[in-house]
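Trainee: the following block contains a protein sequence and its predicted model.
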Amino acid sequence: MFFTPVMRRAAYVPHLRGVDQQLERWLGEALQTPVKSSVKACAAAVTQDEKSYTLSFDVPGVSKEQLNIGIEGNVVRIESLKDAPRSYQLAYELPQDIDAATSEAKLELGVLTLKLGKLTPASKVTQLNIV
């Protein structure tokens with residue numbers, strides 16, 4: 001068996017695709033952000049339908065008053081307040097912007113369930129008159 005090193009040329013390297021860009025951004029953020037030992041990892045489940053995304057996170061030991069949920073564009077940030085017995089910091093990026101008016105959050109038995117409405121983009125179609 002023979003092994004040959006392969007060198008890519010710039011002409012053969014395709015432009016980064018969306019998934020590749022997201023992976024590189026995630027790796028870059030993971031390497032730059034110091035990891036706190038008190039921050040716990042959370043199990044998450046994501047489902048979607050035509051009108052909304054549903055995210056479920058395990059956050060045991062925290063009450064609803066001790067959680068802060070923020071929505072900015074297509075990013076959801078969840079963090080526990082300083083007086084909480086456990087520390088959580090989560091950020092989840094969705095492929096489509098979130099409609100905060102139709103979104104809701106529910107905490108039951110240590111499971112935080114977010115139902116986030118999809119923001120339908122406004123049509124920018126302009127009608128032209130034929131002369």
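Mentor: Noted; the coordinates are in hand.
Trainee: how long is stretch 60-78 end to end?
Mentor: Using C-alpha to C-alpha, to the nearest Å, the end-to-end distance of stretch 60-78 comes out at 14 Å.
Trainee: same question for that stretch, mean pLDDT?
Mentor: The average of the pLDDT scores along stretch 60-78 is 93.
Trainee: identify the residues contacting that stretch?
Mentor: Outside of stretch 60-78, the residues within contact range by C-beta atoms under 8 Å, 6 or more residues apart in numbering are 55, 57, 59, 79-81, 83-86, 88-98, 100, 103, 105, 107, 110, 112, 114, 116. Quick note: C-beta positions are derived from backbone N, CA and C, even for glycine.
Trainee: show me what residue 111 is bridged to.
Mentor: residue 58, residue 108 (DSSP bridges).
Trainee: gap between the two ends of stretch 46-54?
Mentor: Across stretch 46-54, first to last residue, C-alpha to C-alpha, it's 6 Å.
Trainee: okay, buried residues for that stretch please.
Mentor: For stretch 46-54, burial by neighbour count (16 or more other C-beta atoms under 10 Å) applies to 52, 53.
Trainee: contacting residues around that stretch?
Mentor: For stretch 46-54, with C-beta under 8 Å, 6+ apart as the criterion, the contacting residues are 55-56, 92, 94, 98, 102-103, 113-118.
Trainee: wait, residue 80 sits on residue 90?
Mentor: No: with contact defined as C-beta atoms under 8 Å, residue 80 does not count as touching residue 90 (9.6 Å).
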